[in-house]
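**Student:** Provided below are the primary sequence and the corresponding predicted coordinates.
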Amino acid sequence: AEPARLPAWAHSLPPSEPAAERAAMRPLAPSGPSEPEPAALSPLGGDRGQRFRRGLITHKLLEHLPDLPPDARASAGRRYLARPVWNLSEAEQHAILEETMAVMSAPECAPLFAPGSLAEVALAGVVDGAEGPAAISGQVDRLAVAGERVLVVDYKTNRAPPADEAEVPALYLRQMAAYRALLAEIYPDYRIECYLLWTDGARLMQLSPARLAAHAP
């Protein structure tokens, strides 16, 4: 049998990327910010690290429980919290599970933790920023597409939650604004909603479009 003939494009080099475009593009990595983050809670604090450990446990629950059917989450959470390694009292176990379940069942963001939502989602692309094209690459803790909405949340573990949105560090606002700009390119006809989830107390905070627009790339 005669060998198959390769198409013409297989015998030529791909077109080169314009050098000017490469030089003008600003790389942004929201998941790895270049400036220091707010101080984390210490595992050696006056409460013997209870808040630090509680934040880590809550993060784990929020990472894995959404992968289970909704009616199986509470029992799985109780088994996880009852492990001797955590050394939690029954009252502490109940409080952590109650806070975590309340976040996952909140009506305004239930799609974030519904079946079909995604954890640890890598995002990459190019957006038109105020100073020209910007290449964005990062990873969000959870993302969901529900109806005409795209919901994205980033967990902040072992950092004291601010009282309100006005006290959120600019670093985090720039991070979420970059994700919002990129998701708007991927889903042009959808409403992009951004959240921060402070695992110290399992507090969910939605970021307003106006505040994010002020920190856009």
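**Tutor:** Yes, it's here. Just so it is clear, the structure is predicted and the values come from calculations on it, not from any experiment.
**Student:** ok, which stretches of this structure are strands?
**Tutor:** 26-28, 118-129, 132-146, 149-156, 191-198, 203-207 (DSSP state E).
**Student:** how about residue 118, what does it touch?
**Tutor:** By C-beta atoms under 8 Å, 6 or more residues apart in numbering, the contact set of residue 118 is 142, 143, 144. Just so you know, the C-beta spots here come from the backbone N, C-alpha and C atoms, and that holds for glycine as well.
**Student:** would JSON lines of the strands of the chain with distance to residue 69 be doable?
**Tutor:** Formatted as JSON lines, the strands of the chain follow (distance: least, C-beta to C-beta, whole Å):
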{"stretch": "strand 26-28", "distance to residue 69": "37"}
{"stretch": "strand 118-129", "distance to residue 69": "16"}
{"stretch": "strand 132-146", "distance to residue 69": "16"}
{"stretch": "strand 149-156", "distance to residue 69": "20"}
{"stretch": "strand 191-198", "distance to residue 69": "22"}
{"stretch": "strand 203-207", "distance to residue 69": "22"}
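**Student:** mean pLDDT for the ones you listed: which is lowest?
**Tutor:** With a mean of 60, strand 26-28 has the lowest mean pLDDT of the strands of the chain.
**Student:** still on that earlier bit, what about the strands of the chain, which gets the closest to residue 111?
**Tutor:** Closest of the strands of the chain to residue 111 is strand 132-146, at 3.6 Å (criterion: C-beta to C-beta).
**Student:** quick one: that closest one to chain centroid distance?
**Tutor:** 9 Å (C-alpha atoms, centre = their mean, to the nearest Å).
**Student:** quick one: buried residues of that strand?
**Tutor:** By 16 or more other C-beta atoms under 10 Å, the buried positions in strand 132-146 come out as 134, 135, 136, 137, 138, 140, 141, 142, 143, 144, 145, 146.
**Student:** now, among those, which is nearest to residue 160?
**Tutor:** Of the buried residues of strand 132-146, the one sitting nearest to residue 160 (C-beta to C-beta) turns out to be residue 141, at 18.5 Å.
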